[in-house]
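# Give me the fold of what follows.
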Amino acid sequence: MKARLFAFLLVAFAAFSFAGCHTHNATFIDPFADQDVDTPLAPGEFGLVKLDPKDYPDMRMAWSDRAGLERAIDKSIQYLNAPSSIHGFPSGPNDPITHDQVLATLLDIKRMLHDPAITADRFQQEVLARYEVWTSKGYNHKGDVWFTGYYTPIYQGSPTPTSEFKYPIYGRPADLVSDPFTGDVQGTYPTRRELLQSGKLNGLEIMYFRKPIEPFIIQVQGSAKVILPNGQEMLLGFAGTNGREHRGLGSELVKEGKIDKKHLSLPTVLAYFDAHPGELDEYVMRDDRFTFLKPYGAGEWPSGSLGVQVTEHRSLATDKKIFPRASFTFIDVPKPTADGNTVPYKGFVLDQDTGGAIRAAGRADIYMGIGPEAGKLAGREFAQGRLFYIFIKPEFAQVSHPNLTKAPAKGAAPAKSGAPAAGGPTMPAKAGDSEMFPGAVKKN
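The predicted model follows:
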């Protein structure tokens with residue numbers, strides 16, 4: 001999922017991509033409209049607009065739904081406690097949100113989660129009194145954001161090629177240089193076609209799969225759980241990309257009239273290539289982007305672009321050149337259910353991942369979890385909604401984190417006695433733990 005970061009299959013294939021976790025490469029296409037949801041902001045333009053308190057959304061329903069929320073908050077705190085996280089702020093030249101403000105927000109939200117006096121009504125009052133709420137400008141500067149989903153697939157595979165398992169995924173080449181904090185590739189690296197046809201990746205195979213489309217899906221998602229022939233499991237995650245632009249299988253099929261855009265889905269795409277297996281390689285080669293994988297331990301797998309584990313239904317992938325990373329956000333968007341229906345949803349998620357092909361302020365990807373059921377939900381998540389970022393006001397930041405380096409503003413409320421100084425994990429012991437993009441080559 002890191003840079004691994006992009007409804008899943010609906011848009012993953014619709015655009016056939018997402019975040020796997022470090023960068024799922026989801027390219028977005030709206031089969032039902034002509035809006036350009038990837039319209040970029042003007043140079044230097046911040047992607048959020050600060051709201052007047054009278055326009056704050058009603059978040060009381062979201063406060064009542066806390067499953068997995070504290071865990072996701074702790075993961076963002078873990079990231080912010082790493083020394084390297086300071087390099088992620090600001091997200092752009094006109095972003096006024098600071099590292100300390102995001103951290104103080106998370107610590108204060110966590111404190112309120114443990115305070116039985118903070119009912120849903122009280123939480124809304126606290127936000128009105130002590131918080132700033134910002135909204136994404138969206139793809140149309142009216143706040144409209146298109147949401148899709150991504151997940152972690154489970155496949156059978158083999159670490160060695162056999163007559164059954166013969167389609168590989170590859171590890172990161174030694175000469176691929178990327179920024180250790182942003183993951184941006186330094187210089188120009190070969191395209192997918194060039195990498196595969198030149199033999200440059202020979203010897204970098206790390207796992208083989210049954211079907212030729214499976215390695216591509218794993219690259220798009222950025223992570224996978226692999227069941228080996230002996231029954232053991234291997235966890236794979238993002239190790240970098242070649243920095244090229246992503247082009248989705250589904251979008252190409254729609255463009256050429258081979259799939260009706262109104263019926264675009266993963267099953268439709270898979271069915272097409274089952275019926276026309278000889279065409280798959282041609283379409284895959286049109287995608288210049290190539291994602292490299294590597295084995296992960298269970299601790300932080302699957303991880304997002306912040307280098308910490310993502311949480312199902314609580315982690316969000318966005319364009320990190322626009323939005324403040326690790327932030328506490330509120331989304332208002334229809335979401336699919338296990339029974340195949342769609343229901344209105346208002347909930348809190350943490351901005352913890354990056355979409356390799358999710359650009360601009362009009363796109364966001366929700367992490368749905370691991371396995372086929374999560375894949376079904378991801379495949380049906382395809383809806384327009386609103387995205388809000390919530391930050392404690394700077395003058396109240398010291399209330400929940402007195403050790404922040406920034407002094408409280410004049411007239412700020414004093415810290416409450418007994419309030420926890422910090423509610424998250426301690427700072428990582430190893431310097432390498434703070435590296436945002438595993439496998440990145442540090443610049444001299």
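# okay but Val349 is in contact with Thr329, surely?
Yes - A contact is recorded between Val349 and Thr329 when judged using Cβ atoms under 8 Å, the distance being 5.5 Å. Every residue, glycine included, has its C-beta placed from N, CA and C.
# Looking at the two now, which is surrounded by more residues?
Val349 (23 against 20; other Cβ atoms under 10 Å).
# follow-up on the earlier one: residues that sit against both of Val349 and Thr329, list them.
Leu316 (Cβ atoms under 8 Å, 6 or more residues apart in numbering).
# Output the lowest mean pLDDT helix or strand found in this protein.
None of the helices or strands of the chain scores lower by mean pLDDT, DSSP states H and E than helix 8, at a mean of 35.
# Going along the chain, name the strands of the stretch 151-300 of the chain.
Counting by DSSP state E, counting those that start in this stretch, one finds strands in the stretch 151-300 of the chain at the ranges 154-158, 167-170, 205-209, 223-227, 233-241, 291-296.
# max-length helix in this structure?
Using DSSP state H to define each element, the chain has its longest helix at helix 99-113.
# helices and strands around it, which ones?
Here helix 99-113 touches helix 69-81, helix 120-130, strand 328-332, strand 382-392, helix 397-400, going by 3 or more Cβ pairs under 8 Å, 6 or more residues apart in numbering; DSSP states H and E.
# give me every residue that touches Arg172.
Residues near Arg172 by Cβ under 8 Å, 6+ apart: Leu204, Ala239, Gly240, Phe292, Lys294, Gly439.
# repeat for Gln352
72, 75-76, 79, 304-306, 308, 310, 315-317, 325-326.
# of those residues, the lowest pLDDT goes to which?
Ranked by pLDDT, the contacts of Gln352 bottom out at Ser305 (86).
# does the nearest residue to that one once chain neighbours are set aside have beta-bridge partners, and which?
In space, and not counting its chain neighbours, Ser305 is closest to Thr354: 3.6 Å by Cβ to Cβ, 6 or more residues apart in numbering. Assessed by DSSP bridges, Thr354 has beta-bridge partners Thr318.
# Neighbours of Thr354, how many?
With other Cβ under 10 Å as criterion, Thr354 counts 34.
# Next one: it from Glu194, what distance?
The spacing between Thr354 and Glu194, counted by Cβ to Cβ, to the nearest Å, is 24 Å.
# Helices along this structure, start to end?
Taking DSSP H as the criterion, the chain contains helices spanning 8, 14, 60-63, 69-81, 99-113, 120-130, 192-198, 213-221, 249-255, 266-275, 280-285, 372-380, 397-400.
# can you put these in CSV and add distance to Gly157 and mean neighbour count?
Converted to CSV, these look like this (distance: least, Cβ to Cβ, whole Å; neighbours: other Cβ atoms under 10 Å):
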stretch, distance to Gly157, mean neighbour count
helix 8, 20, 36
helix 14, 26, 32
helix 60-63, 39, 18
helix 69-81, 28, 22
helix 99-113, 37, 22
helix 120-130, 45, 15
helix 192-198, 19, 15
helix 213-221, 8, 26
helix 249-255, 21, 23
helix 266-275, 18, 17
helix 280-285, 18, 16
helix 372-380, 16, 21
helix 397-400, 45, 24
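# Nearest to Pro159 among these would be which one?
The minimum distance between Pro159 and the helices of the chain falls on helix 213-221, with 13.8 Å, by Cβ to Cβ.
# Remind me what the closest one packs against, helices and strands.
strand 145-152, strand 154-158, strand 167-170, helix 280-285, strand 291-296.
# ranking the ones you listed by burial, who's on top?
Counting by mean count of other Cβ atoms under 10 Å, strand 145-152 has the highest mean neighbour count of those, with a mean of 31.
# That one to strand 382-392, inter-axis angle?
Taking axes from the mean of the first three to the mean of the last three Cα atoms, to 10 degrees, strand 145-152 and strand 382-392 form an angle of 100 degrees between their directions.
# Pairing partners for strand 145-152, with directions?
Counting by DSSP bridges, strand 145-152 is paired with strand 363-370 (parallel), strand 382-392 (antiparallel).
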